[in-house]
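Q: sequence plus the predicted model coming up.
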Amino acid sequence: MVDKEEVIRIVDKHQNGLGHLISILEGIQIRYGYLPEEALRIVAEKTKTSVVEIFGVATFYRFFRLKPIGKYLVSVCLGTACHIRSSPQIIEEFERQLNIKAGETTADMEFSLEPVNCLGSCALGPMVVVNGHYFSNVTPSRVKQIIKKTREGLDKVDVDQDERIFPVEVSCPHCNHSLMDSKQLIDKHPSIKLTASFGEKHGWIRLSSLYGSPHMESEFEITSDSVVNFFCPHCNAPFIKAGNCPECDAPMVPMIVYGGGIVQICSRRGCRQHMLDLSSVNL
Amino acid sequence: MKKLKSIQEFKALQGKLIALQNSGIPTVVIPAGTCGQASGANDLIRIAKREMLKKNLLKKINLRITGCQGFCEMEPSVLVEPKGTFYPKVNAKDMARIIHAAAEGKVVEDLLSLDKETGRRVEKQDEIPFFKKQMRLIISRNEKVDPIRIFTYIENDGYSALAKALEKGDSAWVLNEVKSSGLRGRGGAGFPTGLKWEFLSKQPSDKGKYLACNADEGDPGAYMDRSVLEGNPHSIIEGMIIGAYATGAKDGVVYARNEYPLAVKHLIIALQQAREMGFLGENILGTSFSFDIMIVKGAGAFVCGEETALIKSIEGKTGEPRQRPPFPVQKGINNRPTAINNVETWVNIPYIINKGAAAFAKIGTNKNTGTKIFSLVGKAKNTGLVEVPMGASFRDIVYQIGGGSASKSKVKAVQTGGPSGGCIPEKMFDLTVDYDSLAKAGSIMGSGGMIVMDENTCMVDVAKYYMNFLKDESCGKCFTCRKGTQRMHEILDEVSKGKATPEKIDLLEELALAVKDTTMCGLGQTAPNPVLSTLKYFRDEYLEHINNKRCPAGVCKELITYSINDKCTGCGLCRQSCPKEAITGAKKKQHKLDTSKCIKCGVCRTICKFEAVEVK
């Protein structure tokens, strides 16, 4: 369902910029996964542009789609370097395995298959990207595995087993007091305790201290997509922002890492952007 | 980050950063551009950080995450400075060893690059043939800079060129330096950059002028710009600020490709930091000069590489080219004077201002100065980004740097210039790579794609591939381009299926010339190049398809058959994976392939470990 208010918000956000129509359509596509006709009519009304012109732009550029896509978007690179390394066989194998044609979506809305002109990873072709996860040097016989892996979950992390996950100890950037709570464990490690406020609510929040683990608990349920203000539970000072999240533009929140360095997490619920900076230069 | 209020403040900061940099402790460099991340660089970074915290090594080594360093095939790789120790294709389980060795100033012998000819391990990056033969003026800066940390750019001479230009306080001097450097536009056409800037500087500035960076690298098979956008975005920004100073432009636009999410992300961060530090915005470094840059994202249209189409797209309209004149320097974005340069052109500007036009002009040849980055991809042994002085020969690039063919099959041709370019056959590899000699040979320099093809690449298929691409990407404004590319594709399709008659080749040639002569923009005018160049140099392959219904390279599906030879060990892998049950045979006995059931999907051929599946 298209929320009229939301579409208007997207229009207003980009209204005055250069290339505003393309930015508006991009904003709508990011929100809905495609360009619903209803939304385009709202854009036409708001920007005083004819629906024809908007459809013209929407169909001219390859990026825009007029149909909803599945949960997983499989992009198969058909750039020249990939082509001469047999990428047509790759896309055909996906077509066979998923039982759809390129450009289509499976009936269960799980997979969409899309050819792309070039992903710019030409030395590693043939390339396939599934929801932002890159697969290089793909062969027809690997297609089945990629589909299987996707169904199992590409973002899934096994906190106990994964060697890329490790504990960090952090302290408040203001009072330097440790933020670790060894009584309340998350992922079998001491949790990071902070005070969080969003909207009218104010309460504790505990994050996993394992770098790379998304696990957390909070006193109040924090709705997805809302931006949270963090405070130190010891000195009560609000955490200053260290910059804006490059993914979603919400403030990034810094904490001092024991041993040196700074860890930053995005303050938006659901955004998994985080950075661990171990450089000692501090001017 | 504190805003810098004067050139002196900038210099003091730069001096301080350089002093800190020379602390003498080893730096572990992990390239994590798109290629690196696709190959697992993020895992290496995580493990490096884990080890540094666990073993308390923060005072013993530095960690630097950078963009692509060029040897993409060897990703994920690790470089340890200052010695330049290079570890290719690092497995996550070996990363901890590299970190511990680096902290102690040691080298992990068994993980170094192996020279297959001598059987020896090569330690240093500069000694590896792929790097040794290059002249890496631009690309080498990628490994010094962490793209999301502006300080690492500043400590490597970053923004020095801007400071130098502002200190001189003479925009005519800057313009003259760029002019006398001989720099030509790296987007493909090779128009002298200084001249373009001079045109813009002479335009009336009452309504404001625009500078644009074309970062919509639409040429399939080329990714030089991506690597610079991801790896060194500040060098583009600095180039544009200097350009604005020279031409009097007040607004800058980077038109960036949507398919490059990491590049866009790094650019957003870099612009934010440059603004915070006072390199962009009002009164740059405390002077009276002001300029700012915004990003406009492209939405995937090849034709938007053409400058008038790009302008329309920046304005948010359908990207259809228009007639020139008026040229963009007269009437560009929002009808204001606009100069558009390619990413690689902008990156050369700080170098020219820092080192001087004369030093730059010494590199390359007389009319083609400086270096050029190529994306050497396809069937070469070493694939990646290659930077050489203008005027290097194809032979040097393909054999000395690229290491020749990756397989037993010989190199047949190199394709340059993407869909607007052509194929250069092996026998002409002594040709020098510059704007003029490539045009003479029926191709173009283009933005720098260089796709190596071997005997398993079918030239009819290549021409058909490009024509398919062009028929989809033609904006449709000119009838001859819209229909011409469709008809050419149809004929090529017939040839590839063995259904064409010899007369069709004459028709194809006639059509190609008609499209070339009667279309308005660069896309249409160059669209026939893939056809004309393959017809010129590889006509016998066309004839083989037509007369003998045979595809010599074994590519065109309708003309090939799969079979299993006596190398088959009967392991059964192909039998189990065949989607059509076309393969039969007992365990440990040579298998058989039923051609009537075979759909030529290629699964058996790629899964076989014994090269027992043949294509004829």
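A: Looks like it arrived, so ask away.

Q: can you give me the buried ones in the worst-scoring helix or strand of chain A on mean pLDDT?
A: Lowest mean confidence among the helices and strands of chain A (mean pLDDT, DSSP states H and E): strand A:274-277, at a mean of 86. Neighbour-count burial for strand A:274-277, counted by 16 or more other C-beta atoms under 10 Å in any protein chain shown, picks out A:275-277. For every residue, glycine as well, the C-beta is placed using N, CA and C.

Q: contacts for that strand, please.
A: Applying C-beta atoms under 8 Å, 6 or more residues apart in numbering or on different chains, the external contacts of strand A:274-277 come out as A:168, A:211, A:252, A:257, A:261-266, B:49.

Q: return the member of those residues nearest to residue B:247.
A: residue A:252 (35.9 Å; C-beta to C-beta).

Q: which residue is the nearest non-sequential neighbour of the residue positioned nearest the centre of chain A?
A: In chain A, the residue lying closest to the centroid (C-alpha atoms, centre = their mean) is residue A:271, at 6.3 Å. In this structure, residue A:271 finds its nearest non-sequential neighbour in residue A:248, 4.7 Å apart by C-beta to C-beta, 6 or more residues apart in numbering or on different chains.

Q: got the CA positions of the least confident helix or strand of chain A in PDB?
A: Presented in PDB, the C-alpha positions along strand A:274-277 are these (Å, rounded to 0.1, in the frame of the first residue of the first chain):
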ATOM      1  CA  HIS A 274      29.100   0.400  12.400                       C
ATOM      2  CA  MET A 275      32.800   1.300  12.300                       C
ATOM      3  CA  LEU A 276      35.800   0.400  14.400                       C
ATOM      4  CA  ASP A 277      38.600   2.900  14.100                       C
END
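
Q: how far away from the center of its chain is that strand?
A: 16 Å (C-alpha atoms, centre = their mean, to the nearest Å).

Q: do stretch B:321-340 as well
A: 27 Å.

Q: repeat for stretch A:143-160
A: 17 Å.

Q: and that stretch, what's buried?
A: Under 16+ other C-beta under 10 Å, the buried positions of stretch A:143-160 are A:143-144, A:146-147, A:150, A:159.

Q: now, these that are in strands?
A: Among the buried residues of stretch A:143-160, no member is found in strands (DSSP state E).

Q: picking up where we left off before, wait, isn't the residue nearest to the centre of chain A in contact with residue A:247?
A: Yes. Counting by C-beta atoms under 8 Å, residue A:271 sits close enough to residue A:247 to count as a contact (5.8 Å).

Q: which neighbours do the two have in common?
A: Shared contacts of residue A:271 and residue A:247 (C-beta under 8 Å, 6+ apart): none.

Q: distance-wise, check the spatially closest residue to residue A:222 that is not a sequence neighbour relative to residue A:168.
A: Of all residues not flanking residue A:222 in the chain, residue A:269 sits nearest, at 4.7 Å (C-beta to C-beta, 6+ apart). For residue A:269, the distance to residue A:168 (C-beta to C-beta, to the nearest Å) stands at 21 Å.

Q: likewise residue A:197?
A: 24 Å.

Q: looking at those two now, which is surrounded by more residues?
A: residue A:168 (21 against 15; other C-beta atoms under 10 Å in any protein chain shown).

Q: ok, that one to chain B distance?
A: 7 Å (C-beta to the nearest C-beta, to the nearest Å).

Q: is that residue in contact with residue A:256, as I believe?
A: No. Contact criterion C-beta under 8 Å: residue A:168 and residue A:256 do not qualify, at 10.2 Å.

Q: how is chain B carved up into domains?
A: As assigned by automatic domain parsing, chain B contains the domains B:25-81+B:85-123, B:150-360, B:371-454, B:459-547, B:561-615.

Q: quick one: the third one near chain A?
A: Yes. Using C-beta under 8 Å from any C-beta of the partner chain, domain B:371-454 comes into contact with chain A via B:375, B:377-379, B:383-385, B:415, B:418, B:449, B:451, B:453.

Q: can you give me the end-to-end span of that domain?
A: 27 Å (C-alpha to C-alpha, to the nearest Å).

Q: likewise for the fourth one?
A: One end of domain B:459-547 sits 16 Å from the other (C-alpha to C-alpha).

Q: and it, average pLDDT?
A: Averaged over domain B:459-547, pLDDT sits at 96.

Q: do the longest one as well
A: Model confidence over domain B:150-360 averages 95 on the pLDDT scale.

Q: now do residue B:19 against residue B:13, distance only.
A: From residue B:19 to residue B:13 the distance is 11 Å (C-beta to C-beta).

Q: lowest pLDDT pick from the buried residues of stretch A:143-160?
A: Within the buried residues of stretch A:143-160, lowest confidence goes to residue A:159 (78).

Q: what sits against residue B:188?
A: B:342, B:417, B:420, B:444-447.

Q: can you add secondary structure and distance to residue B:169 and give the residues you listed back as a markdown table?
A: Shown next, in a markdown table, are the contacts of residue B:188 (DSSP: H, G, I helix; E, B strand; the rest coil; distance: C-beta to C-beta, whole Å):
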| residue | secondary structure | distance to residue B:169 |
| --- | --- | --- |
| B:342 | strand | 28 |
| B:417 | coil | 41 |
| B:420 | helix | 42 |
| B:444 | coil | 40 |
| B:445 | coil | 36 |
| B:446 | coil | 38 |
| B:447 | coil | 35 |
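
Q: quick one, grab the pLDDT at the residue nearest to residue B:444 when sequence neighbours are not counted.
A: Distance criterion C-beta to C-beta, 6+ apart; nearest residue to residue B:444, sequence neighbours excluded, is residue B:417 at 3.9 Å. Predicted confidence (pLDDT) for residue B:417: 91.

Q: circling back to that earlier point, shouldn't the residue nearest to residue A:271 be in contact with residue A:267?
A: No. At 9.5 Å, residue A:248 does not count as touching residue A:267 under the criterion of C-beta under 8 Å.

Q: these two: which is more packed in?
A: Using other C-beta under 10 Å as the criterion, residue A:248 and residue A:267 rank with residue A:267 on top: 22 against 15.

Q: who's in contact with the residue lying closest to residue B:468 once chain neighbours are set aside?
A: Distances taken as C-beta to C-beta, 6+ apart put residue B:489 closest to residue B:468, at 5.6 Å, once the chain neighbours are dropped. Contacts for residue B:489 (C-beta under 8 Å, 6+ apart) come out as B:464, B:467-468, B:471.

Q: at 6 Å instead, please
A: B:467-468, B:471 (C-beta atoms under 6 Å, 6 or more residues apart in numbering or on different chains).

Q: I'd like to know which of the residues you listed are part of helices.
A: B:467-468, B:471 (DSSP state H).

Q: count the neighbours of residue 172 for me.
A: You didn't say which chain, so I picked chain A. 21.

Q: switch to chain B, that's the one I care about
A: So residue B:172, with other C-beta under 10 Å, has 11 neighbours.

Q: same thing with residue A:203?
A: Neighbour count for residue A:203, taken as other C-beta under 10 Å: 12.

Q: would you map the helices across the stretch 101-250 of chain A?
A: Assigned by DSSP state H, counting those that start in this stretch, the helices in the stretch 101-250 of chain A fall at A:143-152.

Q: which residues of it lie near chain B?
A: Applying C-beta under 6 Å from any C-beta of the partner chain, we find that the stretch 101-250 of chain A lies next to chain B at A:117-118, A:120-124, A:134, A:136, A:139-141, A:164, A:166, A:246.

Q: mind saving the C-alpha coords of the longest strand along chain A as PDB?
A: Looking across chain A with DSSP E, the single longest strand is strand A:189-198. C-alpha atoms of strand A:189-198 as PDB (Å, rounded to 0.1, in the frame of the first residue of the first chain):
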ATOM      1  CA  HIS A 189      29.600 -11.800  27.200                       C
ATOM      2  CA  PRO A 190      29.100  -8.700  29.400                       C
ATOM      3  CA  SER A 191      26.700  -6.300  27.700                       C
ATOM      4  CA  ILE A 192      27.100  -2.600  27.000                       C
ATOM      5  CA  LYS A 193      24.600  -0.700  29.000                       C
ATOM      6  CA  LEU A 194      23.400   2.700  27.800                       C
ATOM      7  CA  THR A 195      20.400   4.900  28.400                       C
ATOM      8  CA  ALA A 196      18.200   5.400  25.300                       C
ATOM      9  CA  SER A 197      15.500   7.800  24.600                       C
ATOM     10  CA  PHE A 198      13.200   8.000  21.600                       C
END
